[in-house]
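A.B. asks: I'd like to go over a predicted model; first the sequence, then the structure.
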Amino acid sequence: MITTLGLTFLRRPHGAVWAADLLRIVTLVSVPVAAVGWGAVAFAVMALALLGAVVPRMLGLRPTFDAAVVLLSLVAAWSSMLDWYTTVFLWDKVVHVILVGLLAGLLYVIASDAGVIASAPRAGVLLSALVALAAGMAIGSVWEIGEWLGHNFVDETIVVGYDDTIGDLAADGAGALLAGFALPWLSRERRVVRPGHAAQGVRARREGTSALHTQG
């Protein structure tokens, strides 16, 4: 897995990957904009969004999955800076459902690449959904701890509270479960560049099968 990350990230874009790469550029430009316009906290939030933009390309995810993770990471970061979470009704919960669902799927892919669990197409819908649910609850817990730390030690305007936390975790679980049901499809059609094959092009790995196809 480690040996493919850099080569896969640097692969030549094609098709819908261009849309995801455009969003990555927007995210990169947003980092200094956030730092200058909103300060250190906004810089940290946008830096996390940039991480969310880089990792999908390193994994060679299906373009639809890739673009969705990048877009939602960017939207979540800007929503924080523009105070949409507190001014737009239920926007906080909508972002939790979609973004944490996508991140749970991303974490599943990383775990399957590391050999911790079978790939989603091989594991099946039910197991994929249950593992994604567990991943989503873990991500949500870390998110809520981060908000609590931020509220108490960085910025008191960060909203925390029992009702908010329970609602967020419920949204996280719902999104992760839905993403888990879609994982057998989302995790297919990946394009991973392996050492020794970079000069020949990208080898598209269809998880759940043994076929490796060379892309020109």
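C.D. replies: That came through fine.
A.B. asks: Going by C-alpha atoms from here, please, whenever you check contacts or count neighbours.
C.D. replies: Fine.
A.B. asks: ok, residue 99 - contacts?
C.D. replies: Taking C-alpha atoms under 8 Å, 6 or more residues apart in numbering as the definition of contact, the neighbours of residue 99 are 69, 72, 73, 76, 175.
A.B. asks: I misspoke; the intended subject was residue 100.
C.D. replies: With C-alpha under 8 Å, 6+ apart as the criterion, the residues that contact residue 100 are 136, 139, 140, 172, 175, 176.
A.B. asks: Can you classify residue 15 as helix, strand or coil?
C.D. replies: Classification of residue 15 into helix, strand or coil gives coil, according to DSSP: H, G, I helix; E, B strand; the rest coil.
A.B. asks: typo on my end, residue 191
C.D. replies: Classification of residue 191 by three-state DSSP places it in strand.
A.B. asks: So what's the gap between stretch 174-187 and the chain middle?
C.D. replies: Centre-to-centre, stretch 174-187 and its host chain are 12 Å apart (C-alpha atoms, centre = their mean, to the nearest Å).
A.B. asks: how about it as PDB, C-alpha atoms only?
C.D. replies: Once non-C-alpha atoms are left out, stretch 174-187 reads as follows in PDB (Å, rounded to 0.1, in the frame of the first residue of the first chain):
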ATOM      1  CA  ALA A 174     -26.800   7.400   9.700                       C
ATOM      2  CA  GLY A 175     -24.400   8.700   7.100                       C
ATOM      3  CA  ALA A 176     -21.800   6.000   7.700                       C
ATOM      4  CA  LEU A 177     -24.400   3.200   7.500                       C
ATOM      5  CA  LEU A 178     -25.700   4.600   4.200                       C
ATOM      6  CA  ALA A 179     -22.200   4.900   2.800                       C
ATOM      7  CA  GLY A 180     -21.500   1.300   3.900                       C
ATOM      8  CA  PHE A 181     -24.300   0.000   1.800                       C
ATOM      9  CA  ALA A 182     -22.800   1.800  -1.200                       C
ATOM     10  CA  LEU A 183     -19.200   0.800  -0.500                       C
ATOM     11  CA  PRO A 184     -19.200  -2.300  -2.700                       C
ATOM     12  CA  TRP A 185     -19.900   0.000  -5.700                       C
ATOM     13  CA  LEU A 186     -17.900   3.000  -4.500                       C
ATOM     14  CA  SER A 187     -14.700   1.100  -3.900                       C
END
